[in-house]
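Asker: Pasting a predicted model and its sequence here:
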Amino acid sequence: MVVNADFHIHSGEDPLDRLPHTVFEVIDRAAARGVRCIAITDHWHYTFNDDYAAHAAARGVLLVPAIEARILDRDLIILNADAGAERLRTFDDLRAYRASRDIFTIAPHPFYPINASIRELAAPHIDQINAIEISSCYLSWHDGYNKQAAAFARAHGKPLIASTDAHGLWQVGNVWTELVCDELSLPAVIAALRAGRATPVHRPMTHWELFKFFVIGDAPRKAKNAWRRLRGTLYVEPDVAVRIAAKRELRHCVPD
């Protein structure tokens, strides 16, 4: 069977973005758009429970337990995660975690010029990256970062996964990854990903969509987070020691 999947969606439980929509609304939107497998990947926070999974199943959607973890101060999506993934901070942590769970990792927006992109850390830790994301945030005349991601994936034999990185319900169903699965179950989805039975399906954003994403959505969130940092009410990010370790590792990285 062919399943449309989106493995990078944020919800109102995200401690960083504090979005206005609930997980239930994300699931309903995915079902309405024909996306039958989704992962809620909130920043640093494991958003999954039996009620969410049951709500999804009742609508013919598989909810994959997941998180957008912060590893050496860089984003990394972990599928088939549990709450223990919230405590991961380094690639050594991730290796130990992988030894106990059948996880699948995706490097999101890997070469976009933002602090959270993995960029130079991708090649040295390629053994801990299972797939590379094609981001939905691009225009028809400007797609260099995704092209760089695709070239990197080819060079390292990694599959490409298209996902929305949805911060608004309007994004869900705009792009997806087609999976060829034996059935709609978590083991079958992970097996399909590992076997490379995944085809990214994506299109560029319109200028209006890009405006909605960055100007209407992202800029106000960043302003609110700056104010929350000043007030000391922002969700605690990875500690200073991890940031120092990340900078130290970057000194020894040669761009791929």
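Answerer: All right, it came through fine.
Asker: Leaving out sequence neighbours, find the closest residue to Ala162.
Answerer: Distances taken as Cβ to Cβ, 6 or more residues apart in numbering place Pro200 nearest to Ala162, at 3.3 Å, with adjacent residues excluded. From N, CA and C alone the C-beta is placed, and that goes for glycine too.
Asker: Point out where the protein drops to low pLDDT.
Answerer: For the chain, the stretches with pLDDT under 70 are 216-256.
Asker: so where's the longest strand in it?
Answerer: Longest strand in the chain, counting residues (DSSP state E): strand 2-9.
Asker: which helices and strands sit right next to it?
Answerer: Contact partners of strand 2-9 among helices and strands, from 3 or more Cβ pairs under 8 Å, 6 or more residues apart in numbering; DSSP states H and E: helix 23-32, strand 37-40, strand 74-79, strand 160-163, strand 176-180.
Asker: in the second one, what's buried?
Answerer: The reference is to strand 37-40. With burial defined by 16 or more other Cβ atoms under 10 Å, the residues of strand 37-40 counted as buried are Cys37, Ile38, Ala39, Ile40.
Asker: from those, which is closest to Leu72?
Answerer: Ala39 (21.7 Å; Cβ to Cβ).
Asker: quick one: the nearest residue to His8 once chain neighbours are set aside from Asp50, how far?
Answerer: Closest residue to His8 apart from its sequence neighbours, by Cβ to Cβ, 6+ apart: Ser163 at 3.6 Å. Distance of Ser163 to Asp50, given as Cβ to Cβ, to the nearest Å: 24 Å.
Asker: Give me the more crowded residue out of those two.
Answerer: Ser163 (27 against 7; other Cβ atoms under 10 Å).
Asker: quick one on the thing from earlier: these two touch, right, the residue nearest to His8 and Pro108?
Answerer: Yes - under the criterion of Cβ atoms under 8 Å, Ser163 makes contact with Pro108 at 7.3 Å.
Asker: residues shared between the contacts of the two?
Answerer: The overlap between the contact sets of Ser163 and Pro108 (Cβ atoms under 8 Å, 6 or more residues apart in numbering) consists of His8, Glu133, Ser135.
Asker: which among those residues gets closest to Ala83?
Answerer: Nearest to Ala83 among the shared contacts of Ser163 and Pro108, with distances taken as Cβ to Cβ, is His8, at 19.3 Å.
Asker: ok, now which ones touch that closest one?
Answerer: Here His8 is in contact with Ala39, Thr41, Glu68, Ile77, Ile106, Pro108, Glu133, Ser163, Thr164, Asp165, Ala166 (Cβ under 8 Å, 6+ apart).
Asker: close enough to count as contact, the second one and Ile77?
Answerer: Yes - applying Cβ under 8 Å, one finds Thr41 in contact with Ile77, separated by 5.2 Å.
Asker: I am finished for the moment; much appreciated.
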